[in-house]
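Novice: Sequence and predicted structure, then a few things I'm wondering about:
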Amino acid sequence: MSTTPDIDTALSTEILSHSSAAKENTRQSLASDVEAFLKQGGRIAEVPKDFRADPPRKPENNYGRGSI
């Protein structure tokens, strides 16, 4: 059973996007974007690893508060 050309192209594109060459191109692009950002006066702030945007809340006991 053969696949259609569109599926073959999609599979080839997906495989190529996960190749080491594609990843290296992405790394180089990201590095040049970061360098340009820093040259324009941009700053990079490091966020602590334990930082949470939505801190955990104390569980609420809502048992029996709903309408019947």
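Specialist: Nice, thanks for sending it over. Remember, it's a predicted structure, so these values are computed and weren't measured experimentally.

Novice: what about the helices in the chain?
Specialist: Assignment of helices within the chain using DSSP state H yields the ranges 5-17, 20-39.

Novice: Any idea which of the ones you listed has the lowest pLDDT on average?
Specialist: For the helices of the chain, mean pLDDT drops lowest on helix 5-17, to a mean of 61.

Novice: distance of the residue nearest to Val34 when sequence neighbours are not counted from Thr26?
Specialist: The spatially closest residue to Val34, leaving aside those adjacent along the chain, is Ile44, at 7.7 Å (Cβ to Cβ, 6 or more residues apart in numbering). (C-beta placed from N, C-alpha, C; glycine too.) When distance is defined by Cβ to Cβ, to the nearest Å, Ile44 is 18 Å away from Thr26.

Novice: So if I had to pick from the two, which one is more boxed in?
Specialist: Legend: neighbour count by other Cβ atoms under 10 Å for Ile44 and Thr26, higher for Thr26 (11 against 7).

Novice: gap between the more buried one and Leu38?
Specialist: Thr26 sits 19 Å away from Leu38 when distances are taken as Cβ to Cβ.

Novice: how long is stretch 55-66 end to end?
Specialist: 26 Å (Cα to Cα, to the nearest Å).

Novice: before we move on, back to that, would you mind measuring from the residue nearest to Val34 to Leu30?
Specialist: Note on Ile44: its distance to Leu30, by Cβ to Cβ, is 13 Å.
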